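K.L.:
I would like the atomic coordinates for the input below:
(one chain, ligands or ions: 1)
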Amino acid sequence: MLTFIGLGLFDKTDVSEKGLSRIRNADRVYLECYTSRLMGATREGLEQYYRRPVTPLYRSDVEQDPDAMLEEATTKDVVFLCAGDPMVSTTHADLRIRAASRGIPTAIIHAASIASAVCGLSGLQNYRFGKSCSLPFPQKNWFPTTPLDVILANLSQRLHTLVYLDIQDDRYMTVPEAVALLEEMAAARKEKIPLYVGIARAGSDEPVVRAGPGELVRACDFGPPLHILIVPAELHDMEREYLEMFAGL
Ligand SMILES: C[S@@+](CC[C@H](N)C(=O)[O-])C[C@H]1O[C@@H](n2cnc3c(N)ncnc32)[C@H](O)[C@@H]1O
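P.N.:
Below you'll find the predicted structure:
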C-alpha cells in the first residue's frame, strides 16, 4: 500500500494524529524533499518523532525512478511524506496514478496547505483566486515570462494570482527577489502590477505578511524561508480592510 501523508506547513507537530500513527506503523517512510520543505524541522528530528528511519527523495527519485518504491509498496506498507497537502502538487498525482496502474492500493491523509493558508493570512477570498503559477530562478538564456501571462490574464478577470517561489537545493527564492523579477518582466512589456502581498513562514509562530506596491514590498525584510507571493486583483472592501489590519497596507 502507498499512503500519501501531508505534514502541514512548518514543523513536526503539524501532521495530523491519523498521519502520525500511520507513519509510526509503516514498514518504510519516504520524505519528498523538493516540491516544498518543513523549514521548522530536520530529518533527524522527524526520525526521532516518528521513531522510524526516514529516506529522503529528490526530483529524479520521484519523477524518473519511482520503481523501487512502487515495487516495495506492492508487499509493504509504504508512506510518502511531503510538506503541505500531498496533492497540491501535480507530480504527486502522477505518482498515485502510476501506483494505481500497478494495482497498488493508495490513500491520502490530508494536512494544511499553503494554498489555503494564504487566504487566512492575507484575507484574500479563496473563491477569487485564478490559475496559480510558479516563478523559477532565471537560468543563463532562460527567463520564462509565463508567470506574467498568468498574472495579467487573472488581473483582466479580476482574479488573484498565487505565485509559488522556486526552491533549488538549499536556495529559496525570496519575496523581494520574486517582486524584482516580475517588475522586470512587466516593465519589458510596459505593464504595471499594482499591488503585491508577500508571505513568509506560514504555519510558524511568526509568519510575516506585507502588502503594498512593488517598491515597498521589495524593501521589506521577510526573514528566513519559505516565502510565497500573491498578486491581488482589485480588492473587495473586506479584503482591503483585512490587508490594512494584518499586512500593513
Ligand atoms: C509547490 S508548493 C507546495 C505545496 C504543498 N504541497 C502544500 O500543499 O503546501 C511549494 C511552494 O509553496 C510555498 N510555500 C510552501 N509552504 C510555505 C510556507 N509554510 N510558508 C510560505 N510559503 C510556503 C513556497 O513558495 C514553496 O516553494
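K.L.:
out of all residues in this protein, which is the farthest from the middle?
P.N.:
The centre of the chain is farthest from one residue, Thr75, which by C-alpha atoms, centre = their mean lies 31.3 Å away.
K.L.:
doesn't Leu7 make contact with Leu38?
P.N.:
Yes - counting by C-beta atoms under 8 Å, Leu38 sits close enough to Leu7 to count as a contact (5.6 Å). Heads up, the C-betas are built off the backbone N, CA and C, glycines and all.
K.L.:
contacts only, for the nearest residue to Ser132 once chain neighbours are set aside.
P.N.:
Nearest in space to Ser132, with sequence neighbours left out and distances taken as C-beta to C-beta, 6 or more residues apart in numbering, is Leu162 at 4.1 Å. For Leu162, the contacting residues are 115, 118, 129, 132-133, 228-230, taking C-beta atoms under 8 Å, 6 or more residues apart in numbering as the criterion.
K.L.:
from the ligand, how far out is Leu162?
P.N.:
9 Å (C-beta to the nearest ligand atom, to the nearest Å).
K.L.:
my guess is Thr106 meets Thr74, correct?
P.N.:
No - assessed by C-beta under 8 Å, Thr106 is found out of contact with Thr74, at 11.8 Å.
K.L.:
more neighbours: the two, which one.
P.N.:
Thr106 (17 against 14; other C-beta atoms under 10 Å).
K.L.:
next, the more buried one: phi, psi?
P.N.:
phi -130, psi 160 (degrees, to the nearest 10).
K.L.:
which strand residues bridge it?
P.N.:
When bridges are assigned using DSSP bridges, the partners listed for Thr106 are Leu2.
K.L.:
next up, phi/psi of Ile97, please.
P.N.:
Dihedral angles of Ile97 (phi, psi; degrees, to the nearest 10) stand at phi -60, psi -40.
K.L.:
which pLDDT value belongs to it?
P.N.:
Note on Ile97: pLDDT of 96.
K.L.:
before we move on, what about Glu63?
P.N.:
So Glu63 comes in at 88 (pLDDT).
K.L.:
longest helix in the chain, by residue count?
P.N.:
The residue-count maximum for a helix in the chain (DSSP state H) belongs to helix 175-188.
K.L.:
so is it next to the ligand?
P.N.:
No - under the criterion of C-beta under 6 Å from any ligand atom, the ligand is not reached by helix 175-188; the shortest gap measures 8.6 Å.
K.L.:
okay, the angle between the helix or strand just after that helix and helix 175-188?
P.N.:
Moving toward the C-terminus from helix 175-188, the first helix or strand encountered (DSSP states H and E) is strand 196-200. Compare the direction of strand 196-200 with that of helix 175-188 by axes from the mean of the first three to the mean of the last three C-alpha atoms, to 10 degrees and you get 160 degrees.
K.L.:
mind giving me the packing neighbours of strand 196-200?
P.N.:
Counting contacts by 3 or more C-beta pairs under 8 Å, 6 or more residues apart in numbering; DSSP states H and E, strand 196-200 is packed against helix 114-122, helix 175-188, strand 208-212, helix 214-218, strand 227-231.
K.L.:
so what's the closest residue to Thr174 other than its chain neighbours up against?
P.N.:
Closest residue to Thr174 in three dimensions, ignoring its sequence neighbours and counting by C-beta to C-beta, 6+ apart: His227, at 5.2 Å. His227 makes contact with 165, 172-175, 178, 198-200, according to C-beta under 8 Å, 6+ apart.
K.L.:
now with 10 Å?
P.N.:
163, 165, 172-178, 198-202, 208 (C-beta atoms under 10 Å, 6 or more residues apart in numbering).
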